[in-house]
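Peer 1: How does the following fold in three dimensions:
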Amino acid sequence: MSTLTYTTIQTPAGPFTVLADAHDTVHAAGFTADPAFLAGMLSAPVPEKGAHDHVAERVAAYFAGDLSALDDVTVVYRPTGPFRTAAWDAMRTVQAGATISYTQLAATAGNPNAVRAAGSACASNAIALFVPCHRIVRSDGSSKNFLYGLECKATLLAHEKQYADA
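Peer 2: From the prediction side, this is the model:
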């Protein structure tokens, strides 16, 4: 793994920390001010503070209403099984302002019977926001869990709906 550094960006959904390499490739990201938490998700050492201006600019643009601003940020998944990788790829295809169910995510990722595995892929997503697990909901449209809290998830979904409908 490349040497990672972190930056924390203040957002309407709370502090957002990004662990990235020298090329601004994001390895982990989440709504926390604690880079050690994200490093733990990668089984990596706690990084030093660094500047990730491109990523910070893209996050700021997203929260300013440019919902496609995150699309050009390069991410790298930590090694895992093929279904999780397929599920994370599938999450990235869900349009901002829309949601899909865990059942739909499982089908899109190639195994319609893997609904629990789809939930596990959301729970183990180390690249929140860039891999938008917040857009995955229960079949009835409700939210049960989100690593960074249901209030954060609701804030993100409301933000996207506001600008997607504009």
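Peer 1: could you pull out the strands for this protein?
Peer 2: 5-11, 14-20, 26-30, 48-49, 100-101, 136-137 (DSSP state E).
Peer 1: Burial check on the residue lying closest to A56 once chain neighbours are set aside, number of neighbours?
Peer 2: Spatial nearest neighbour of A56, chain neighbours left out: I9 (5.2 Å); criterion: CB to CB, 6 or more residues apart in numbering. All C-beta spots, glycine's among them, are computed from the backbone N, C-alpha and C. As a burial measure, I9 scores 17 neighbours (other CB atoms under 10 Å).
Peer 1: hmm, back to that, return the most buried member of the strands of the chain.
Peer 2: strand 26-30 (a mean of 25; mean count of other CB atoms under 10 Å).
Peer 1: picking up where we left off before, can you verify my assumption that the residue nearest to A56 contacts A60?
Peer 2: Yes - with contacts counted by CB atoms under 8 Å, I9 reaches A60, the gap being 7.1 Å.
Peer 1: List the contacts of Q95.
Peer 2: Counting by CB atoms under 8 Å, 6 or more residues apart in numbering, Q95 touches A164.
Peer 1: Who are the contact partners of the most far-flung residue of the chain relative to its centre?
Peer 2: Outermost residue of the chain with respect to the C-alpha centroid, by CA atoms, centre = their mean, is N113; its distance is 23.6 Å. By CB under 8 Å, 6+ apart, the contact set of N113 is A106.
Peer 1: who's in contact with the most centrally placed residue in the chain?
Peer 2: Nearest to the mean C-alpha position of the chain, by CA atoms, centre = their mean, lies A128 at 1.8 Å. Going by CB under 8 Å, 6+ apart, A128 touches A29, G30, F31, H134, L147, Y148.
Peer 1: ok so, going back, how about the residue nearest to A56, what does it touch?
Peer 2: P15, F16, T17, V18, A56, V59, A60.
Peer 1: Output the longest helix belonging to this structure.
Peer 2: Of all segments of type helix in the chain, defined using DSSP state H, the longest is helix 150-164.
Peer 1: Go ahead and confirm K144 touches R138.
Peer 2: Yes - here K144 reaches R138: they are 5.8 Å apart, a contact under CB under 8 Å.
Peer 1: Would you mind telling me which of the two has the busier surroundings?
Peer 2: R138 (14 against 11).
Peer 1: Next, the contact list for the more buried one, please.
Peer 2: S101, Y102, K144.
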